[in-house]
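Student: My questions concern the predicted model and sequence given below.
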Amino acid sequence: MFTYLEEVSVTEGEQIKKTIQALFRQTCILQVKYDPATLTPRDNSQYETCARHRGFIEDYVSVLGCELIHDSQERVFRLTGDGVQMEKLSLTATVILLVMKLIYRDKIMGEGLNAPVTTLKEMREYGKNANLIPEKLTVVQWREALYLMRMHQVIDVPGAVRDVEDDTPIYIYSTINMYVTAGDINALIEEYREETEELETAEEIIYEDADQ
């Protein structure tokens, strides 16, 4: 297998290695990336590397218990399988992802919208209106969710996640559909509501005990 790397140029070999590392780090590679500030599309060289050396990369990742999938409609290469290590989202981060999914759906279905772009301000409004984020989340909770979504190519932001403010444009990629399905939405809503109800019940008991 590794003789393949000896048959390509040193530059191309390094690009293959970096592309494989990126696949394991972020689980997917998009064909087109957007600058969320200017909405200027740019071709992703790592996507082209996956396309040119697909056979080798498929063989390489299979040894590690993974499979390279190409979604021609979404124009993305992604890893699946037992060898893919996905960070488990906290419930709060998962709910934020769900809110992002709702915004993406509305943006795509809306008329006259050229790109699914949102902001923290809009996300809070959506979360409140959908009764998914009834209370104020901490800066750390928002950053955790945005960092993971950016790492897994669900969103992009201009600059660093730590610099995202209320009106900073956040571009949502179609890859969000791979992480949140219709079935997931219903399950997440139910789980979140159950946990919220349990918390409210616990708080009521605490207050009752305090009054006695």
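Tutor: Structure's in. What do you need? Bear in mind the structure is a predicted one, so any value in this text is a computation, not a measurement. Numbers count the residues shown, from 1 in each chain.
Student: how about the helices in the protein?
Tutor: Assigned by DSSP state H, the helices in the chain fall at 3-7, 10-26, 45-52, 54-63, 91-109, 120-129, 139-151, 176-179, 182-211.
Student: Now mean pLDDT too, for these, in CSV please.
Tutor: Shown next, in CSV, are those (pLDDT from 0 to 100):
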stretch, mean pLDDT
helix 3-7, 87
helix 10-26, 93
helix 45-52, 95
helix 54-63, 93
helix 91-109, 86
helix 120-129, 92
helix 139-151, 91
helix 176-179, 80
helix 182-211, 55
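Student: can I get those in CSV with distance to residue 71?
Tutor: C-beta here means a position set from N, CA and C on the backbone, and glycine is covered the same way. Listed next are those as CSV, based on distance: least, CB to CB, whole Å:
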stretch, distance to residue 71
helix 3-7, 24
helix 10-26, 14
helix 45-52, 11
helix 54-63, 13
helix 91-109, 17
helix 120-129, 26
helix 139-151, 18
helix 176-179, 8
helix 182-211, 18
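Student: what's the closest of those helices to residue 84?
Tutor: helix 10-26 (7.5 Å; CB to CB).
Student: between the closest one and helix 139-151, how many degrees?
Tutor: Orientation check (axes from the mean of the first three to the mean of the last three CA atoms, to 10 degrees): helix 10-26 against helix 139-151 gives 140 degrees.
Student: could you say what helices and strands helix 10-26 packs with?
Tutor: Helix 10-26 sits against helix 3-7, strand 28-30, helix 45-52, helix 54-63, strand 76-80, with contacts defined as 3 or more CB pairs under 8 Å, 6 or more residues apart in numbering; DSSP states H and E.
Student: now for those, which one comes closest to residue 103?
Tutor: Among the helices and strands packed on helix 10-26, strand 28-30 comes nearest to residue 103, with 19.0 Å by CB to CB.
Student: before we move on, back to that, any idea which of the helices and strands packed on helix 10-26 gets closest to residue 19?
Tutor: Nearest of the helices and strands packed on helix 10-26 (CB to CB): helix 45-52, 4.4 Å.
Student: Show me what the closest one is in contact with.
Tutor: 15-16, 18-19, 22-23, 29-31, 57, 68, 70, 75-77 (CB atoms under 8 Å, 6 or more residues apart in numbering).
Student: Please apply the same query to stretch 57-73.
Tutor: Here stretch 57-73 has contacts from 1, 16, 19-20, 23-24, 50, 54, 76-84, 178, using CB under 8 Å, 6+ apart.
Student: again, but for stretch 164-184
Tutor: Taking CB under 8 Å, 6+ apart as the rule, stretch 164-184 contacts 28, 30, 34, 36-37, 39, 71, 74, 76, 78, 97-98, 100-101, 103-104, 107, 115-121, 123, 142-143, 146, 152-158, 188.
Student: out of these, which are buried?
Tutor: Buried by 16 or more other CB atoms under 10 Å: 28, 30, 34, 36, 74, 76, 78, 97-98, 100-101, 103-104, 107, 116-120, 123, 142, 146, 152-157, 188, out of the contacts of stretch 164-184.
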